[in-house]
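> Have a look at this fold, sequence not included:
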């Protein structure tokens with residue numbers, strides 16, 4: 001039993017037996033400091049005199065009473081200080097996990113939908129690649145998996161496959177991960193939410209879905225992951241879509257950017273970041289903040305995008321995971337004097353597309369980019385440091401997936417805010 005809990009339980013027992021409160025609090029602190037543990041209430045009368053070197057006499061009893069009254073305030077003040085000190089590790093919770101915390105891992109995947117009939121259009125996922133990724137994730141033994149959206153084809157090119165059936169196929173392909181007891185935390189992408197209406201031209205009539213499509217997609221997404229333990233702590237109207245959770249020594253924040261297109265709920269995010277006590281912060285959503293290929297991204301509202309990235313940097317966060325663009329790209333952004341990495345990991349199964357240059361001038365600088373292989377990101381955390389690696393399938397043909405290889409890796413340190 002932790003020291004703080006034992007302290008409370010023993011003092012409560014003494015109260016029930018009728019010992020004077022000041023006497024109990026002071027005595028329990030003295031006994032703990034002397035013996036390293038709390039004594040039972042039945043041992044208090046003898047041990048109190050033993051520690052204070054009192055003799056069994058009426059004079060000693062009288063001296064006890066006088067001293068207790070004389071030093072009552074001092075005893076109470078000392079007791080409160082000691083109790084507060086004992087409570088500090090307990091109160092800190094996850095924040096105390098730093099350099100002494102055991103190593104752990106998590107994985108990041110995105111854009112697992114099928115863009116071509118040859119990759120499993122009927123299921124609306126790239127089944128072969130998703131299964132290969134799931135199997136390799138299990139070999140890595142992470143504690144959790146982040147999914148940055150576009151799990152399925154959703155409303156676009158679905159061949160008439162229902163939304164619930166699409167997510168069922170996705171979960172089946174990810175079966176090895178679920179069977180291993182690894183938690184999965186998804187957020188929605190544009191395929192999971194409905195047609196984009198702000199940054200892109202109107203859809204051709206033959207691609208325009210029914211008006212109730214966004215509501216039906218949202219319902220199917222929520223129901224598909226209802227049993228996954230997704231937190232319901234998001235802002236009003238975004239429960240189960242935007243959320244945060246803590247794992248080991250890290251805060252994770254998943255953001256939905258489709259309740260309001262291309263925007264995050266900044267006020268909710270600011271509150272969550274302000275209350276963080278963990279040394280590591282990982283934020284994930286579907287759309288890149290800084291454009292790589294698609295115009296429909298968070299940069300469509302540049303002022304809001306800049307405020308978003310600055311809030312991550314100001315809070316001490318260092319990595320933003322996303323997808324949308326079907327490539328892997330690692331880019332560095334300066335935000336409020338800190339370095340924040342944008343990691344596009346859209347290589348989970350969608351049709352790969354050659355990468356281009358990042359837009360937005362000098363704000364984001366590409367360090368590594370690849371659009372030749374499918375793969376996913378694995379992050380190995382040890383204390384305040386995280387080794388972020390992109391693993392790629394080096395063979396992708398009808399015979400099945402081949403060997404895995406790490407094609408990009410870097411070390412991020414929350415305490416130093418730079419890459420070594």
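Done, it's in. Because the structure is a prediction, the values reported are computed rather than measured.

> got the buried residues for stretch 102-112?
Neighbour-count burial for stretch 102-112 flags 104, 105, 106, 107, 108, 109, 110, 111, 112 (criterion: 16 or more other Cβ atoms under 10 Å). C-beta coordinates here come from the backbone N, C-alpha and C atoms, glycine included.

> Can you pick out the most distant pair from those residues?
104 and 111 (25.3 Å; Cβ to Cβ).

> circling back to that earlier point, inside strands: which ones of the buried residues of stretch 102-112?
With DSSP state E as the criterion, strands contain 104, 105, 106, 107, 108, 109 from among the buried residues of stretch 102-112.

> If it's not too much trouble, I'd like these exported to CSV so that distance to residue 129 and pLDDT sit alongside each entry.
Below are these laid out as CSV (distance: Cβ to Cβ, whole Å; pLDDT from 0 to 100):
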residue, distance to residue 129, pLDDT
104, 26, 98
105, 21, 98
106, 20, 98
107, 14, 98
108, 15, 98
109, 10, 98
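
> and which of the residues you listed is nearest residue 331?
residue 108 (15.4 Å).

> Flag the helix or strand of this structure with the lowest per-element mean pLDDT.
In the chain, no helix or strand scores lower on mean pLDDT, DSSP states H and E than strand 418-419, which sits at a mean of 41.

> Could you list the domains of the chain?
3-94, 97-419 (automatic domain parsing).

> thinking again about what came up before, TSV for the ones in strands among the buried residues of stretch 102-112, including distance to residue 348?
Formatted as TSV, those follow (distance: Cβ to Cβ, whole Å):
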residue	distance to residue 348
104	22
105	18
106	15
107	11
108	9
109	4
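
> Low-confidence stretches in the stretch 101-250 of the chain?
115-121 (pLDDT under 70).

> Now do the strands in it.
104-109, 144-147, 183-186, 243-247, 250-254 (DSSP state E, counting those that start in this stretch).

> what's the fourth one in contact with?
Residues outside strand 243-247 that contact it (Cβ atoms under 8 Å, 6 or more residues apart in numbering): 93-94, 104, 106, 143-144, 185, 230-234, 251-254, 272, 278.

> likewise the third one?
Where contact means Cβ under 8 Å, 6+ apart, the residues beyond strand 183-186 that reach it are 143-147, 149, 151, 174, 177-178, 221, 225, 228-230, 243, 245, 252, 254.

> One more: the last one?
Judged by Cβ under 8 Å, 6+ apart, the contacts made with strand 250-254 from elsewhere in the structure are 94, 144, 146, 185-187, 242-246, 269, 272-273, 276, 278-285, 381.

> What's the PyMOL line that selects buried ones from these?
The following PyMOL line selects those of these that are buried, judged by 16+ other Cβ under 10 Å:
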select buried, resi 94+144+146+185+186+187+242+243+244+245+246+269+272+273+276+278+279+280+281+282+283+284+285+381
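
> What separation do you get for the closest residue to residue 231 other than its chain neighbours and residue 222?
Among residues not flanking residue 231 along the chain, residue 243 sits closest, at 4.1 Å (Cβ to Cβ, 6 or more residues apart in numbering). Counting by Cβ to Cβ, to the nearest Å, the separation of residue 243 from residue 222 is 12 Å.

> same deal with residue 409?
Counting by Cβ to Cβ - residue 409 and residue 222 are separated by 35 Å.

> Residue 232: how many residues sit nearby?
10 (other Cβ atoms under 10 Å).
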